[in-house]
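Asker: below are the sequence and a predicted model for it; my questions follow.
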Amino acid sequence: MTHILVVTNRKGGSGKTSTAVNLAAELAQRGRRVLLIDLDTQSHCALGLGIKLSKESSTVHGFFAGKHPLRPAIQTTQWENLHLIPADPLFEHGSGCSDEFFLRTALANEGILNDYDTLILDTPPSLDILLLNALYSADRVLVPFLPHFLAGEGVKQLARVLFRVGSNRANEGVRVLIAYVPVMIDTRIGQHKKVTGGIANQFGALRMLPGIRTDIRVAEAFGAGQPIRYYAPKSRAAQDYLNLTSALSLQLEI
C-alpha cells in the first residue's frame, strides 16, 4: 500500500520544505520508492535536491492549470529511489482547477500510486485549493512547527482545516493520522518547552515526534543542492532527521 504523507503548517517558515526534502531522502535511502511533490510555489524542493528547472519543465502547477497530465512532471534525482514533481514559481494561487479531489484522482488514474511506496507532499502555507488537494489525497499528515507562541496558534488553525477534511462525506473511509515535529528546537529554552508541551497536551503526547535542533548545516545543504544526510552526515541535523524518520516510520507505519 502506498502511503501519502502531507507536510503542512498554516504558518510560513515552519520548516516544511526542509522536513519534506530530508524525510524523502532518508526514506529513499532505506529502500522505499519515494515521490516528493512540491505544491509550494517557492519551488524550494528542487533547490534542495539540486535540480535546475527550465521554462519548459512540467510542474505540478502546470498540471493544476490543465497544461499536461501529472506523470510527465516526474523528474529523477541523483539519488536512487527518489523522484520529484517540482513546483512552478510563476503559478498564481487561486488560479487553475477548483476540484478538491483533482490530485487524488490523477494519482490513481495515472498509475502513479503503483510506482511508489511513499508520496511526500510539501504544501503552501495558504489555505487554498492546493492545500485542500494535498489533504484530500493524504492518509498521513506531518506538522512541523517552530516552538514559538505564534507557531502554536498556526497549529490550532490547521487543526480546524483538518477537521473540515475529515468531516467531508466524500472522504469517508480515509483514515488520516496526524503527527507533530518541533523544528529549530532548544529544550534548554523555557518557551520552547512550554509551546511544545502545550501542543502535546492538546493533541496527544504520542503524536509528538523527535524534534530537529537548530543547525546551520540545513541551510548550507540547501545551498549545495543536497539533503543533509549527504551534505553533512555527521551533523546533529542529520542525526535528528534520521531519528525523526525512524520514529515516523514506526508510528505512522511507513
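Answerer: Perfect, I can see it now.
Asker: can you get me a residue count around residue 194?
Answerer: 13 (other CB atoms under 10 Å). For glycine as for every other residue, the C-beta is placed from the backbone atoms N, C-alpha and C.
Asker: which parts of the host helix or strand of it are buried?
Answerer: If you go by DSSP states H and E, residue 194 is part of helix 190-203. For helix 190-203, burial by neighbour count (16 or more other CB atoms under 10 Å) applies to 192, 195, 196, 199, 203.
Asker: show residues contacting it.
Answerer: 145, 147-149, 151-152, 155-156, 159, 178, 180, 182, 185-187, 207-208, 211 (CB atoms under 8 Å, 6 or more residues apart in numbering).
Asker: run the last query once more with 6 Å
Answerer: The contact list for helix 190-203 (CB atoms under 6 Å, 6 or more residues apart in numbering) reads 147, 152, 155, 180, 182, 185, 186, 208.
Asker: helix, strand, or coil at the third one?
Answerer: Following DSSP: H, G, I helix; E, B strand; the rest coil, the label given to residue 155 is helix.
Asker: give me the neighbour count for it.
Answerer: Neighbours of residue 155 (other CB under 10 Å): 21.
Asker: how about it, nearest residue that isn't a chain neighbour?
Answerer: residue 145 (5.4 Å; CB to CB, 6 or more residues apart in numbering).
Asker: just give me the neighbour total for that neighbour.
Answerer: 27.
Asker: ok, now residue 214?
Answerer: 11.
Asker: the residue nearest to it when sequence neighbours are not counted and residue 162, how far apart?
Answerer: Nearest residue to residue 214 in three dimensions, chain neighbours excluded: residue 184, at 4.6 Å (CB to CB, 6+ apart). Distance of residue 184 to residue 162, computed by CB to CB, to the nearest Å: 23 Å.
Asker: cool, and residue 127?
Answerer: 11 Å.
Asker: among the contacts of helix 190-203, name the ones in strands.
Answerer: Mapping the contacts of helix 190-203 onto strands (DSSP state E) picks out 180, 182, 185.
Asker: quick check, nearest of those to residue 106?
Answerer: residue 180 (28.8 Å; CB to CB).
Asker: returning to what we had before: hmm, which of the ones in strands among the contacts of helix 190-203 are the buried ones?
Answerer: Using 16+ other CB under 10 Å, the buried members of the ones in strands among the contacts of helix 190-203 are 180, 182, 185.
Asker: quick one: which of these is nearest residue 5?
Answerer: Looking across those and measuring by CB to CB, the closest to residue 5 is residue 180, at 13.4 Å.
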